[in-house]
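Novice: Structure of the sequence below:
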Amino acid sequence: MGFNGKTILWFRRDLRLGNNRALIAAAGHGTVVPVFIREPGVEALGAAPKLRLEIALRALSCELRAAGSRLILRSGAPGNVLRALVKETGANAVMWNRRYDPVGADTDRMIKAALRHDGIEARSFAGTLLFEPWTVATGQGGPYRVYTPFWKAVRDRDVPAPVEAPDLIAPVKWPESEVIGDWALGKAMRRGAEVVAGHVEAGEAAALARLRHFVSERIGDYKAQRDFLDREATSGLSDALSLGEISAGQCWHAAHLAIQAGVAGAEHFLKELVWREFAWHLMWHFPRLAEENWRDDWNGFPWIEDAEDARYRAWCQGRTGVPLVDAAMREMYVTGKMHNRARMIAASYLTKHLRVHWRLGLKWFETCLVDWDAASNAMGWQWVAGCGPDAAPYFRIYNPDTQAEKFDPAESYRRKWLAEPFGARTETALSYFDAIPEGWGLSPEMGYPAPIMGVKAGREAALLAYESFKSQ
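Specialist: Numbering: from 1, shown residues only. Prediction:
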């Protein structure tokens, strides 16, 4: 098209200027009009992901203005919005980075076809994952179903080197934009929004700073320390990755530099990046991953599926009476995140000790996590429940008490997030009562509940249910 074109750059979950293939292509085409659309998929987000998105969009808007550009906000069906913007701006191209969830991918295909029918150049780019899902196949040509062979297939692949943010040419006249405050994306969080927002570091610059700190200070001990709940040993990049404030490729190359320097724990960090990649590989090839048991032989298992069940409500509220499980849930309400080891323990207690359907847990995390990622959330829940790809056997049931002894030996994590069982109440533990819905009617003076299901009794009941189901 040449350098005299005008391109609409459609941001989605790629909220950064650096290492953004679609933005680089748009800048090479000429004038760039960046836009974010509040489409139905945005409206369908859970409360915490919506809040995090609003904070991210504010950060991106500031970063674009610093680059001499701005972010245009519009609401509606994306095809209609983009066509309207094409007419308003005289743009002759629309560009974006690809999505891989089933709804997003189908929407993008239809929009691309419609724009091209109108004579508009429509181009999509690889920008969210390390590898396009259709480029990784087994020797038989099918998708991988087990992580370890997937890792071996991709670990030596080339990943394009990160590129700097391009210079942006602004249009002579900007189209009208909606106001982010009017969207009120964080409204559903109610009083919890202020608590969670205080723990969010949004934007590309913050994400890159966290990556640099992690690689320089923590990555060497990552493999040995990452499971300890009382230590700051992880990258803290999950929410930035979920919104594309930093790319997986940037993390990949930073880890490879550490490997070349002989840093011991760096390869394990790469494996975790590829675990995320594997989840999206599966969701691309098996788009019902978040809705149906991966393994058909689990259909008919007698899960509790009633969202009003008292045991499920107690788990949601962080009031199971099992300290490590409750601490994990409360960390999520205060920060919007949960340590990965704690996620596995909390998910195992729900699906095995309480035998509540993994889909209820998945939906609750989808509501409460600022780092919610559709594929990782789905695969993680199915993996823990025992019905998913690369699944842990059903009889592998996390014991919260022994896990606490091993990964929180000084009770630091539990004391940080639980107020009632401990005399010295931490600020973080008390913040839980400021973050949760007032309708729950909870206060630290209520006392700590007895376990709704004992660790030993819950394990025995889970195994009995499993054996009974398999014998039918």
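Novice: Do a quick rundown of the helices in the stretch 301-450 of the chain.
Specialist: For the stretch 301-450 of the chain, the helices defined by DSSP state H, counting those that start in this stretch occupy 310-317, 323-335, 340-348, 358-368, 374-385, 400-407, 412-417, 427-435.
Novice: for the ones you listed, which one ends up most surrounded?
Specialist: For those, the largest average neighbour count (mean count of other CB atoms under 10 Å) is found in helix 323-335, namely a mean of 26. Quick note: C-beta positions are derived from backbone N, CA and C, even for glycine.
Novice: where does Leu73 fall, helix, sheet strand or coil?
Specialist: Under DSSP: H, G, I helix; E, B strand; the rest coil, Leu73 falls in the strand class.
Novice: what about the residue nearest to it when sequence neighbours are not counted, is that helix, strand or coil?
Specialist: Closest residue to Leu73 apart from its sequence neighbours, by CB to CB, 6 or more residues apart in numbering: Glu178 at 4.3 Å. Assigned with three-state DSSP, Glu178 falls in the coil class.
Novice: Nearest to Val154, out of the helices of the stretch 301-450 of the chain?
Specialist: Evaluated with CB to CB, the helices of the stretch 301-450 of the chain place helix 374-385 nearest to Val154, the distance being 15.7 Å.
Novice: for the record, mean pLDDT for that closest one?
Specialist: Helix 374-385 comes out with an average pLDDT of 96.
Novice: And stretch 28-35, by the same measure?
Specialist: 97.
Novice: what do you get for stretch 457-471?
Specialist: Rounded mean pLDDT across stretch 457-471 is 92.
Novice: which parts of that stretch are buried?
Specialist: Of the residues in stretch 457-471, 458-459, 461-462, 465-466 count as buried by neighbour count, 16 or more other CB atoms under 10 Å.
Novice: count of neighbours near the closest residue to Trp303 other than its chain neighbours?
Specialist: For Trp303, ignoring the flanking residues on the chain, the nearest one in space by CB to CB, 6+ apart is His357 at 3.7 Å. For His357, the neighbour count with other CB atoms under 10 Å is 22.
Novice: Could you pull up the residues touching His357?
Specialist: 303-305, 351 (CB atoms under 8 Å, 6 or more residues apart in numbering).
Novice: now Thr426
Specialist: Taking CB under 8 Å, 6+ apart as the test, what Thr426 contacts is 415-417, 419.
Novice: Okay, angle between the host helix or strand of Val103 and helix 374-385 too, please.
Specialist: Here Val103, judged by DSSP states H and E, is contained in helix 102-117. Relative orientation of helix 102-117 and helix 374-385, computed by axes from the mean of the first three to the mean of the last three CA atoms, to 10 degrees: 160 degrees.
Novice: What lies in contact with helix 102-117?
Specialist: Contact with helix 102-117 is made by 12, 39, 41, 78-79, 82-83, 86, 94, 96, 98-99, 121-122, 124, 283-284, 287, as judged by CB under 8 Å, 6+ apart.
Novice: What's the PyMOL syntax to select whichever of the residues you listed are buried?
Specialist: Remark: buried members of these, expressed as a PyMOL selection using 16+ other CB under 10 Å:
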select buried, resi 12+39+41+78+79+82+83+86+94+96+98+99+122+124+283+284+287
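Novice: What about the contacts of helix 102-117, which are in helices?
Specialist: In helices, judged by DSSP state H, the following of the contacts of helix 102-117 are found: 41, 78-79, 82-83, 86, 283-284.
Novice: Tell me which two of those sit farthest apart.
Specialist: Distance extremes for these: the farthest pair is Val86 and Met283 at 30.7 Å, using CB to CB.
Novice: What's the first helix or strand after the helix or strand hosting Lys223?
Specialist: Lys223 belongs to helix 222-225 when assigned by DSSP H and E. Per DSSP H and E, the first helix or strand lying C-terminal to helix 222-225 is helix 238-242.
Novice: Check which helices and strands that following helix is in contact with.
Specialist: Here helix 238-242 touches helix 204-217, going by 3 or more CB pairs under 8 Å, 6 or more residues apart in numbering; DSSP states H and E.
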